[in-house]
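In: Return a 3D structure for these sequence lines:
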Amino acid sequence: MKDENGEHAEDMMETTEEPENGAVVVSEASPAGMMQVGIAQGMDLTQLERMMDLQIKWEANEARKAYYEDFALFKAECPRVTKDMHNKQYESMYSSLGNLLDTVSPVLGRHGFTPRYETSREEGTQVVTCYLTHHMGHSESATESGPLDDSGKKNPIQQRKSTTTYLRVITFEAVTGIAATGEANLDDDGTAGAGGPEPISEKQAITINQALESPKQNLESFLSVMKASSVEEILAKDYQKAMGTIKSRERQRREPGEEG
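Out: This next block holds a predicted model:
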């Protein structure tokens with residue numbers, strides 16, 4: 001291949017004369033190395049700009065290749081992430097964000113990777129992006145968004161923090177391709193994901209709330225029995241149990257003479 005001056009690029013790369021004879025010794029087979037030769041041979045500004053563009057693309061490609069090579073080594077060495085927290089509501093174990101990062105980050109670091117997060121808000125939803133950057137410069141990312149977690153009695157800051165923590169876990173897992181001893185790795189034990197247990201319908205929630213309006217019912221005690229922080233979080237499979245509990249309490253608390 002010839003450049004605009006009719007010079008063969010391959011010939012430029014094969015310059016091997018000693019420096020004292022006026023030639024430039026090329027130290028690497030890259031556009032930068034070719035520029036060294038080109039400058040010595042009078043390459044014009046337009047050609048230099050083209051070579052600089054090629055160098056930028058060459059470096060990006062080299063960084064990408066190094067990323068995937070080291071990522072394969074990381075995956076081969078990555079330890080198993082254990083579930084360190086207990087979910088009282090669903091009687092299950094899950095991995096906390098701290099445990100996930102403490103377990104995986106040291107191995108990532110040994111192979112030149114650094115994770116970082118960016119968060120933002122868009123019309124009532126929280127958005128989290130996890131970037132995994134390699135020391136050679138290539139970076140890949142995963143982005144997820146979700147509504148604020150208004151379950152239980154969380155204040156607005158707690159709602160945002162809960163959702164952010166949730167999204168940090170799943171984006172970190174996505175960009176690293178790992179999960180803690182299975183797919184269910186969050187404090188909902190995977191119940192929010194596709195195929196997990198479904199909560200009761202809106203109509204069923206209304207029915208339960210209306211039944212709980214009786215002075216003979218105690219909402220806090222009822223939710224404790226159902227292992228839910230709100231009526232809306234009761235699982236669909238437990239609807240009959242919920243209604244049975246309410247009716248049982250109605251019968252137990254009837255005052256003498258009420259039954260006809």
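
In: Mind listing what's buried along the one helix or strand Leu108 maps to?
Out: Under the criterion of DSSP states H and E, Leu108 resides in helix 97-110. Across helix 97-110, burial judged by 16 or more other C-beta atoms under 10 Å covers 97, 99-101, 103-104, 107-108. C-beta: built from backbone N, CA, C; applies to glycine.

In: how about these in CSV, adding pLDDT and distance to Gly124?
Out: Below are the buried residues of helix 97-110 laid out as CSV (pLDDT from 0 to 100; distance: C-beta to C-beta, whole Å):
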residue, pLDDT, distance to Gly124
Leu97, 86, 23
Asn99, 86, 30
Leu100, 88, 27
Leu101, 90, 27
Thr103, 90, 33
Val104, 93, 31
Val107, 94, 37
Leu108, 96, 33
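
In: Asp149 against Thr163, yeah?
Out: Yes - counting by C-beta atoms under 8 Å, Asp149 touches Thr163, with 4.8 Å between them.

In: of the two, who's got more company?
Out: Thr163 (23 against 18; other C-beta atoms under 10 Å).

In: which of the residues in stretch 133-149 are buried?
Out: 133-134, 136, 138-142, 144, 146, 148-149.

In: Residues touching stretch 144-162, excluding its own?
Out: With C-beta atoms under 8 Å, 6 or more residues apart in numbering as the test, stretch 144-162 has contacts from 121-122, 124-128, 163, 166-167, 170-171, 174, 229-230, 233.

In: Would you check which pair of those lies furthest apart?
Out: Ala174 and Ser230 (29.3 Å; C-beta to C-beta).

In: residue ranges for the helices of the stretch 101-250 of the chain, please.
Out: 156-176, 202-211, 219-226, 239-252 (DSSP state H, counting those that start in this stretch).

In: can you put the ones you listed in TSV and add mean pLDDT and distance to Arg80?
Out: Listed next are these as TSV, based on pLDDT from 0 to 100; distance: least, C-beta to C-beta, whole Å:
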stretch	mean pLDDT	distance to Arg80
helix 156-176	90	13
helix 202-211	88	39
helix 219-226	84	34
helix 239-252	82	36
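
In: Out of those helices, indicate the one that is most buried.
Out: Burial of the helices of the stretch 101-250 of the chain is given as mean neighbour count (mean count of other C-beta atoms under 10 Å); helix 156-176 ranks first at a mean of 18.

In: What distance do you get for Thr46 to Ala242?
Out: 77 Å (C-beta to C-beta, to the nearest Å).

In: Quick check: closest non-adjacent residue to the spatially most central residue of the chain.
Out: Centroid-nearest residue in the chain: Thr171, 0.6 Å away (criterion: C-alpha atoms, centre = their mean). Nearest non-adjacent residue to Thr171, counting by C-beta to C-beta, 6 or more residues apart in numbering: Cys130, 3.7 Å away.

In: got it, and Met226?
Out: Using C-beta to C-beta, 6+ apart and skipping residues adjacent in sequence, the residue nearest Met226 is Ile234, 5.3 Å away.
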